[in-house]
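>>> quick one: sequence plus predicted model below, questions after.
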Amino acid sequence: MTEHTFSILKPDATRRNLTGAVNAVIEAAGLRIVAQKRIHMTTAQAGKFYEVHSERPFFGELVEFMTSGPVVVQVLEGENAVARYREVMGATNPANADEGTIRKLFAESVGENTVHGSDSQDNAALEIAQFFSGLEIVG
Ligand code: CMP
C-alpha cells in the first residue's frame, strides 16, 4: 500500500553536509521525497514534536540538540513507507544498526542519530501536519 511517512534529517546531518548523502540512501531504497524543506526548529516546535518523550531523562538534551542547527523535514512516499523507512534508518542506537542503514553509515550516537522517522501511520499523519500543508506535498 502506498503510504506517507515523516522524516527529519537532524542537525548532526546538516552540520556535516550530509543532506544529499542521506537522501541518496532514501531514494535508493525506493522511497520518494514528495516534500522537503530546511528549517531551524524553535524550542516550542521541538518540545511539541517530542512531547511523548517529555518525562524521559534525555528530553532536555533532545530538544536542545534538535534546535542546535538546521534540520530538513521531509515527507516520504512509497509502499509501506513507515516500516520501509524504519528499516532504512536502522536501530535508534547506531551501535545496534544493521550494515547499510543510514544510522550505521552516518550516526554519531543514540542522541545524534542523523534521522527521525515516524513509528506508525497515525503518528506519520500527525507529524506531517505539524510541518507541512497539503499544498506542499507533491507526489
Ligand atoms: P527519534 O526517532 O528522533 O525519537 C526520539 C529520539 O530520542 C530518538 O530518535 C533519539 O535520538 C533520542 N534518544 C533516545 N534515547 C536517547 C538517549 N538515551 N539519550 C539521548 N537521546 C536519546
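On my side now, so go ahead.
>>> which parts of the chain sit against the ligand?
53, 58, 61-62, 92, 110-111, 113, 116 (C-beta under 6 Å from any ligand atom). For glycine as for every other residue, the C-beta is placed from the backbone atoms N, C-alpha and C.
>>> who are the contact partners of the closest residue in space to residue 117 that isn't next to it in sequence?
In this structure, residue 117 finds its nearest non-sequential neighbour in residue 85, 4.3 Å apart by C-beta to C-beta, 6 or more residues apart in numbering. If a contact means C-beta atoms under 8 Å, 6 or more residues apart in numbering, then residue 85 has 5, 7, 26, 29, 31, 76, 117-118 as its contacts.
>>> can you check residue 79 too?
Residue 79 neighbours (C-beta under 8 Å, 6+ apart): 1-3, 30.
>>> among those, which ones are buried?
Restricting the contacts of residue 79 to buried positions leaves residue 3, with burial counted as 16 or more other C-beta atoms under 10 Å.
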